[in-house]
Every structure is written in C-alpha cells, then in structure tokens.
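Colleague: fold the stuff below for me.
(2 chains)
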Amino acid sequence: MAKFNLFSEESNKSPLARFWRKFKSNHPALVGLWVFIAFVLLATTAPFLAPYGVNQQHSDALLIPPSWHDLGDVRFILGTDDLGRDVLSRLMNGATYTFGLSVIAALITTVIGVLVGTFAGISRGLRSSFLNHLLDITLSIPSLLLAIIIIAILGPGLMNTVWAIILALLPQFIHSVRNLIVEELNKDYITAFKLDGASNWHVLSRGIFPNIYEHIVVIFTMALSTAILDIAALGFLKLGAQPPTTEWGAILAENLGLIYLAPWTVGLPGVLLFLAVLSTNLVGDGLRQVLKERKAD
Amino acid sequence: MMQPLLKVQALSKSFNLRAGLFSRKRFEVLKNISFCLNQGETLAIIGETGSGKSTLAKLLSGADSADSGQILLDGTIIEDKGIRDQQCRHIRMIFQDSEASLNPGLTIGDMLDDCLQYNSDLDKETRANKISATLHKVGLLNDHQHYYPHMFSGGQLQRVALARALILDPKVVVLDEALSSLDPSVRAQTVNLLLKLQQDTGLSYILITHHLSLVRHISDHLVVLDHGEIVESGKTETIFGQPQSKVTQKLLSC
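Modeller: Predicted coordinates for the structure are as follows:
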C-alpha cells in the first residue's frame, strides 16, 4: 500500500460486490450489459410489445421504407417487407428465436457442462478421463458442420439446430469446468476445509463454487455468442429456422432478393445480430477483464 | 510416569514416483518415525528441505494418511496403518500460507461457523458466542467476523488461521512453517500469543520450522529429521548444547 488514500471507504465488500464495482468502471462493458438486458426483455415480452402480428399482412402497404424516409409511413416505423408485414414486429419477435433460443441453448449447455465437468473434476483416474473426453469427438468437427450433419439426420428445424449447438458447445465447457475444479481442489483452503470436517458436497457448494462461478459466467457468455451466430447462420442457410419463423437469419435469407429494392429488410436484422453478438462479447470481455485484474491483486 | 498426550509410533510414508514410461520408483519420505509429546509442551521438528517435515505435518493433521504406524492421542488410537478416525479434530494444523488456506469467498464468521456446524450440534446462539470468544482469544475483535480474508494483513490472517484451529478446542496444534512468512515484529507478537495460549489452556504445539532461534525460544523438545529418519531427539537445550550427530551439527552451525 504505497498510495496514500484519503476518504477511503471502510466497508465489508464481499467478493461479488468488489466484482461488480470493478465491472461498473468498465464503461463499454456496462453499455454492453444494458443492451444485453434490453435484448433479454425483448426476447421475453416481444409478442406483447410488437405493434402488429408477425404474419399480419397489409396489402395496402407493400415495401414501405422506414418512417423517417420521404415515402415512409408512421404506422410502420421500420417499414414493411414485400408481403406487407411490419418489419419492426418481425424483428422484435425475432429476438425470441435468435437471442432467446441461444440463451436457452447456452443455459442447457451450462447445466450439463457444469454437472459433467464437476463429476470429471472430483473423480479420479479412468472415470475422470472418460467423463472429460466424453464428447471430445465433436471437437474435431466445426459446430456449423456438426449442426449440418445432425440436420441431415433429423431433418431441418429450429430445435435440431439447438441440439446441434448444445452438442458442439459441450466439450469445451466440460473441459473448462473440469480444469477450474481441479485447479481449486489443489488449493490449500480446500485441504483446510476438508480438515474442518466438510463433506464432499460442502467442499463443492461452499468451497469451490463460490470461487469459480464468475469463471463459469464468462464461459457462458462465450458459448452464447457462438450460439447466436450459429442459429442465425443455420437460419440463413435454410437449415435451421424455416420461414415464416421470424428468426433473424431466416429473415435475412428470405429478403436477400430485395437487397437493392428494400435494403432495410436485410440491413436491420443484420444490425440486430451484430448488436446481440457485440453486447454479449462486451459483457464477457468485461467480466474476463475483472477476473484478470482480481488475479493480479 | 505421566502418559504422553500424543504418541507417534513407527510412522512410515512413501510415494510412488514415475521413473520411466512404465516403471515406478518407490520413494520413502518418512521411515519409522516415533516420538512423544506431553500436554502443554512444544515439540520442534527441524531438518533440511526435503527431509519430510511437511509430510509429517500433513500426516499428523490428517490431510494425508500414512502407510504404516500408529498415532495415539490420550491413549486412544486415532490413526492405524493409514486408517484415520475421521471424527477426530483434536489435532489441528496451521498452514504455511495462511491467505491460501482461507476460502476467499467466505467471511471469517461463516468459516468459523462452518467448522462448528460440521463438528458439533451447538445451536446458533452458542455458536455465535463461541466464535466471538475464540476471536477474542486470538486478539481479534468480534467485528472481524464480518470481514473477508482479503481485508486482513498477514499477521492478522495468521491470527484468523489460529482462531480456526482453536475453535474446535484441539489438544495439539501443528504449525507448518506458519511463522516463517511473518516479519520479525509480527512474528514476535504471534509467538507471544501462542505462548500465552499454551499457558492458559495447556495446548501442545508441534512446530515445524527452519527458524532456529525460534525453536530455541519456545520448544521444549526437539526432533531432527534427515531424509525421513529421526537422527536425533531430546530436550532442546541438550541438543543445542551438545549436538551428537553430524547432521545436527551442520544444521545448528549455520
């Protein structure tokens, strides 16, 4: 403590509170978090917020540009597509598919990954190896290709895409969680905790998890950004979500033919995809930064 | 003749080291270690690096199990040929790096409460009283139980580690280089605290250290380890005065 610190605050900051304070001082990450929260809200409440139905057609209003354009109509803030559907409503509902399903896929991956990784971490020998390398075969195949293989077997569809993404993300997750747990298990405080009489369950729940869950959140954000891109890419390739599902990638593909005539129908879903991935990565990067800083302390 | 508090009989420990691709080499860390410790006394274990001191500390505290031999406490066997009585918390250990031995995610109060919860069926109020009494005993305040480990300095952390050891009313405390990382004034404070606790409660210490002046100051008996074997043991003053073996002479002369 070389620095002289006037007005230093004397309070019992928990590790989580310190984490949040450091995260808050990283402004890009904080903006990313706001955008991320906005997407989560949108994904859960889009059907109630959207001004029109997803497939509601307005035959009097085909290919109307966004409302700020000279030819725009204030009824359709972001314009309409070639079937007279409101682009804003479709994009809002798209958040449920592209973003919401990605979150669900990443969450399922997290639950399975943490369970398998934990068992691999606390068991020893052959069993540990088996669990650790259970799904390694899928590491050799890029996630998109794996999804295409699964779709070739099961047929195209949004749910199959989700399974494919989960399978593709799992091995990385299991490895990371196992490494975290093995690393923690070797630390002195776990030995001391065991000597206090803690059972295996106590060691996990009070010893290890409170100290690694931030790392798990970081891995989660990385999995999430991959999931968003994969769902959109498969939708775009017409292997995932099928029109008229309002998945952003599928909307992009559907309107690709209109790119010169009505660029807003292609540009806007692209912008949203970009924002979703960017905000996720900003949050993940911010969290990683804080973890790194805390290690340096 | 008074029954010794702690009796260690023929303790041995070996590790399997990987020598080649398939061959393994047996490496004996401790060979046939026996010693006794009376109540309220301090036994120091000295030896070169790699002589098995830390392994012995781990065996005594139960962090690791021996291959053969027995540990008796107050006449009852608590470890026999590597099988330890898991309920026994009368021998507690203080680690070399006290910060690493405390869970960074728990407050001191929570940590001490966990200790009590796992080993007793006291109710919440009794536990709270006991926690604050133990904190007072090691010279900390009641308020410190709401602190996280990162908020303490090195000397205070050592006191916290001591509180954690003492909260279960142990009979023996093993100090594995626990005082080495402290600066001289804090070390002196901690040593005085340890001696005061010994006077008040009749605790026994096993002190594992490199620090010879410290050994001379606080230990009653001395065991010199070399390559896993006891080369010399006896009263500290006697050994310091007339070291018999070559190893001891070398250790004491530097």
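
Colleague: which bits of chain A sit near chain B?
Modeller: Counting by CB under 8 Å from any CB of the partner chain, the residues of chain A close to chain B are A:12-15, A:187-189, A:191-199, A:202, A:206-207, A:210-211, A:297. For glycine as for every other residue, the C-beta is placed from the backbone atoms N, C-alpha and C.

Colleague: buried subset of these?
Modeller: Among those, those classed as buried by 16 or more other CB atoms under 10 Å in any protein chain shown are A:15, A:187-189, A:191-198, A:202, A:206-207, A:210-211.

Colleague: mind checking which of those are in helices?
Modeller: A:15, A:188-189, A:191-195, A:202, A:210-211 (DSSP state H).

Colleague: farthest pair in those?
Modeller: Across these, the longest distance by CB to CB is 22.8 Å; it joins A:15 and A:195.

Colleague: thought residue A:108 was touching residue A:166?
Modeller: Yes. The pair formed by residue A:108 and residue A:166 meets the contact definition of CB atoms under 8 Å, at 5.5 Å.

Colleague: for the stretch 151-297 of chain A, give me the ranges with low pLDDT.
Modeller: Low-confidence segments of the stretch 151-297 of chain A (pLDDT under 70): A:296-297.

Colleague: could you see whether chain A lies near the lowest-mean-pLDDT helix or strand in chain B?
Modeller: When each helix and strand of chain B is scored by mean pLDDT, DSSP states H and E, strand B:83-84 comes last, with a mean of 76. No. Figure legend: strand B:83-84 not in contact with chain A (CB under 8 Å from any CB); closest approach 11.1 Å.

Colleague: tell me the strands beside that strand, with direction?
Modeller: The pairing partners recorded for strand B:83-84 under DSSP bridges are strand B:76-80 (antiparallel).

Colleague: quick one: residues contacting residue B:149.
Modeller: When the contact criterion is CB atoms under 8 Å, 6 or more residues apart in numbering or on different chains, the partners of residue B:149 are B:99, B:102-104, B:108, B:157, B:160.

Colleague: now with 6 Å, please.
Modeller: B:102, B:104 (CB atoms under 6 Å, 6 or more residues apart in numbering or on different chains).

Colleague: separation between it and residue A:180?
Modeller: 20 Å (CB to CB, to the nearest Å).

Colleague: ok, now residue A:254?
Modeller: Taken as CB to CB, the span from residue A:254 to residue A:180 is 42 Å.

Colleague: which phi and psi values does residue 139 adopt?
Modeller: Picking chain A for this. When read as degrees, to the nearest 10, the backbone of residue A:139 gives phi -70, psi -30.

Colleague: wait, I meant chain B there
Modeller: According to degrees, to the nearest 10, residue B:139 has phi 80, psi 30.

Colleague: now it: how far from residue B:157?
Modeller: Residue B:139 is 13 Å from residue B:157, by CB to CB.

Colleague: kindly report the same for residue B:25.
Modeller: Taking CB to CB, one finds residue B:25 at 38 Å from residue B:157.

Colleague: looking at the two, which one has more neighbours?
Modeller: Neighbour count, other CB atoms under 10 Å in any protein chain shown: between residue B:25 and residue B:157, residue B:157 has more, with 22 against 11.

Colleague: can you tell me the closest non-neighbouring residue to the more buried one?
Modeller: residue B:98 (4.2 Å; CB to CB, 6 or more residues apart in numbering or on different chains).

Colleague: before we move on, the earlier item: more neighbours: residue A:254 and residue A:180, which one.
Modeller: For the pair residue A:254 and residue A:180, the greater number of neighbours falls to residue A:254 (25 against 22), based on other CB under 10 Å.

Colleague: for the spatially closest residue to the more buried one that is not a sequence neighbour, helix, strand, or coil?
Modeller: Leaving aside its chain neighbours, residue A:254 sits nearest to residue A:243 (4.9 Å; criterion: CB to CB, 6+ apart). The three-state label given to residue A:243 by DSSP: H, G, I helix; E, B strand; the rest coil is coil.
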